[in-house]
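Asks: what's the 3D shape of this:
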Amino acid sequence: MVRHTRAIVDLGAIEANLRAISALVSSPRTPRPAPRIIAVVKANAYGHGASEVGLALERAGAAMLACADIEEGIVLRKAGVRIAILVFGALGISDLHGVFEHDLTPTISTPSAARALAMAAARWGQTPGTKASGVRPRTSDYTPDRGQTPATSATGVRPRSSGYTPLHCHLKIDTGMNRLGFRHDNLERTLPEIAASPHLAIDAVHTHFATADEPEHPAFAQQHKRFEQACETIAGLGIHPKWRHAANSAALLRDERVWYDFVRPGLLLYGVVPPPLSSTLTLRPALSLHSRIVHVKGMRPGEGTGYGLRTVVDRPTTIAVVPAGYADGLDRRLAGRGCMLVRGRRVPIVGSVCMDMTTVDVTGMEVSAGDEVVIVGEQGNESIGVREIAAAIGTIPYELLCRVGTRIERVYNPGS
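Replies: Numbers count the residues shown, from 1 in each chain. The predicted structure is shown next:
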């Protein structure tokens, strides 16, 4: 290892978190069968590393994985993931071959995407089969080194066979977030074309809550009601999905009425409860961020440190230089607001968070170059979590995790 800053990802924690969520939704709180889990691994598994995390979640029993786009799905397939992979995001009207070559389940959220997928499915002639459970069969279809099936030609095109299976998709309904999805109040105009297509099989219908993490906001209940009404409208149009899903991490914790057939935890899988919510779930944070002091120096009264010399000391001060900065995902707003851990103590971030370096005040401590620094995680009896850091700078934990830089090495502690 050349760079001192690295992220340690505990795959065992992620597996345990999934099992804890599964136990929660399997409790006898509703008359319906327990929902299965669509594990969300978009944005490089919230910064944790999609390939390794995806395989760990598959081992732990996730029914599906979900990612943001086709490219993320291909990464998972090439890593060796064999369970179903749902693509959440918007699809273009071209470059859809990855859906077919890598057996991905697309989300239809716009009329143009529906038409493009139907045309592509007609050209391909068939798509890989899906079990009645909605989970791809475990076969040797995808090899980690090539991401192809044995039946795939050298051109990368899967040959046609005599059987025909329509493209299995999920349908997204916009119930009020006003982002992607078919408007809940316009379905009778927008969905008949999809209902009539022989090339599209709608396996599931879903929506996304805009205010699941705001308990006092009335939109959550309104969206829930609209989704129920939309499901009735869809059935009247001749579309009969096998499954429904709506609950992200926050909605999962708030209301078992929106668990439906699948739940879609993201942040919870990584051991973080979406603020401001709380939970009795036993979760373990999966990511910790570590570095080492590379230099210790003294400052005289009246001197400053960092760009702009924003921190000017009024007493003899000792600072330590940590080789991690905003290029690694640290937010510049941490200067004067955040802390790191050195020798089991909180030390304040001073000066400015630079591209590659940050300075901390270690006055009165016996420290030296090479000492471990914990940016996120535990050291001794102290800990710093991403919720605390996010609150200190006015952002959300999702952003902090996703911003952990690509030049930071991820070191994986194995799971089961």
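Asks: What are the contacting residues of stretch 224-234?
Replies: Stretch 224-234 is contacted from outside by 171, 173, 175-176, 184-185, 187-188, 191, 205, 207, 209, 240-241, 244, 246, 255, 257-258, using Cβ atoms under 8 Å, 6 or more residues apart in numbering. Every residue, glycine included, has its C-beta placed from N, CA and C.
Asks: if we go to 7 Å?
Replies: 173, 175-176, 184, 187-188, 191, 205, 207, 244, 246, 257-258 (Cβ atoms under 7 Å, 6 or more residues apart in numbering).
Asks: sec struct for residue 411, please.
Replies: Three-state assignment for residue 411 (DSSP: H, G, I helix; E, B strand; the rest coil): strand.
Asks: tally of neighbours for it?
Replies: Burial measure for residue 411: 13 neighbouring residues, criterion other Cβ atoms under 10 Å.
Asks: Tell me which stretches of the stretch 151-300 of the chain form helices.
Replies: For the stretch 151-300 of the chain, the helices defined by DSSP state H, counting those that start in this stretch cover 187-190, 192-196, 219-236, 249-254.
Asks: Pull the residues that contact the first one.
Replies: This means helix 187-190. With Cβ under 7 Å, 6+ apart, helix 187-190 has contacts from 111, 182, 230, 233, 234, 237.
Asks: now with 10 Å?
Replies: Residues from elsewhere that reach helix 187-190 (Cβ atoms under 10 Å, 6 or more residues apart in numbering): 110-111, 114, 171, 173, 182-183, 194, 229-230, 233-234, 236-237, 239.
Asks: mind listing what's buried in that helix?
Replies: Neighbour-count burial for helix 187-190, counted by 16 or more other Cβ atoms under 10 Å, picks out residue 187.
Asks: winner for burial among the helices of the stretch 151-300 of the chain?
Replies: Ranked by mean neighbour count, these are led by helix 249-254 with a mean of 24 (mean count of other Cβ atoms under 10 Å).
Asks: Average pLDDT for that helix, rounded please.
Replies: Helix 249-254 carries an average pLDDT of 96.
Asks: Minimum distance to residue 357: which of the helices of the stretch 151-300 of the chain has it?
Replies: Closest to residue 357 of the helices of the stretch 151-300 of the chain is helix 249-254 (Cβ to Cβ; 34.0 Å).
Asks: List just the nearest of the contacts of stretch 224-234 to residue 409.
Replies: Among the contacts of stretch 224-234, residue 246 lies closest to residue 409 (Cβ to Cβ), at 36.9 Å.
Asks: for that closest one, what are its contacts?
Replies: Residue 246 touches 173, 175, 205-209, 212, 223-224, 227-228, 252, 255, 257-264, counting by Cβ under 10 Å, 6+ apart.
Asks: what about burial for those residues, which qualify?
Replies: Among the contacts of residue 246, those classed as buried by 16+ other Cβ under 10 Å are 173, 175, 205-209, 212, 223-224, 227, 252, 255, 258-264.
Asks: what about the strands in the stretch 251-400 of the chain?
Replies: 262-263, 287-292, 295-299, 304-305, 311-312, 317-322, 339-342, 345-350, 358-361, 372-379, 382-384 (DSSP state E, counting those that start in this stretch).
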